[in-house]
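> sequence first, then the predicted structure:
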Amino acid sequence: MNIYPIRNLRTASVTQLVQAAQNGRREAFGELFERFERHVFSVALRRLRDYDEAQELCQDVFIQAMQKINQLREPEAFVSWLRSIAHRMAINRILRRPPSAPVAPETLDSACVEDETPLTVALAGERRAQLRAGLSRLRDLDRKTLEAFYVQGQSLVEMSDQFDAPLGTIK
């Protein structure tokens with residue numbers, strides 16, 4: 001067990017972070033989340049093949065890990081322990097998923113409601129104009145970052161690489 005306090009969570013080893021989390025330091029578990037969220041998400045996405053479900057499962061995995069962190073006897077095994085939780089929970093979710101039933105296109109057409117009225121068209125046009133005006137007032141990097149994240153769906157790491165800016169600046 002590490003008896004020395006961790007001064008900088010960013011430079012701490014995984015083992016030190018696990019030990020600190022086991023001793024009740026929530027920020028240490030937060031750092032573990034930051035480091036391994038993408039890994040757990042990729043495991044979930046590979047298993048579930050659904051982006052939204054994978055995000056949900058990723059959160060569930062970290063909640064489970066936070067609740068059970070004290071049961072981990074070997075802090076060095078955290079990564080494989082976390083991966084096994086993700087695999088197990090993904091398999092459970094797949095097995096409990098209700099079977100999907102195909103729907104005839106005619107059924108979908110009859111269920112769709114036409115939302116486009118002159119009022120909704122006008123309001124949507126106003127929102128677009130306000131959004132463009134707001135974006136034009138931003139600095140170049142801020143505007144491009146927002147567009148990359150919300151329009152193109154890029155991750156923070158991808159944007160950091162694309163704009164050659166530190167991750168903290170992108171956040």
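Yep, that arrived.

> from here on, just use CA atoms for contacts and neighbour counts.
Fine.

> which residues sit against stretch 146-160?
145, 166-167, 170-171 (Cα atoms under 8 Å, 6 or more residues apart in numbering).

> what comes up buried for it?
146, 148, 154, 156, 159-160 (16 or more other Cα atoms under 10 Å).

> most neighbours, which of the contacts of stretch 146-160?
Ranked by the number of neighbours (other Cα atoms under 10 Å), the contacts of stretch 146-160 place residue 145 first, at 21 neighbours.

> does that one touch residue 170 like I think?
Yes - with contact defined as Cα atoms under 8 Å, residue 145 reaches residue 170; the gap is 7.1 Å.

> redo the contacts of stretch 146-160 as TSV? Include secondary structure.
Formatted as TSV, those follow (DSSP: H, G, I helix; E, B strand; the rest coil):
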residue	secondary structure
145	helix
166	coil
167	helix
170	helix
171	coil
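
> tell me the one among the residues you listed nearest to residue 38.
Nearest to residue 38 among the contacts of stretch 146-160 is residue 167, at 14.7 Å by Cα to Cα.

> ok, the closest one to residue 28 distance?
19 Å (Cα to Cα, to the nearest Å).

> residue 37 versus the residue nearest the centre of the chain, what's the distance?
Note on the chain: the residue nearest the mean C-alpha position is residue 55, at 5.5 Å, using Cα atoms, centre = their mean. The gap separating residue 55 from residue 37 is 10 Å, by Cα to Cα.
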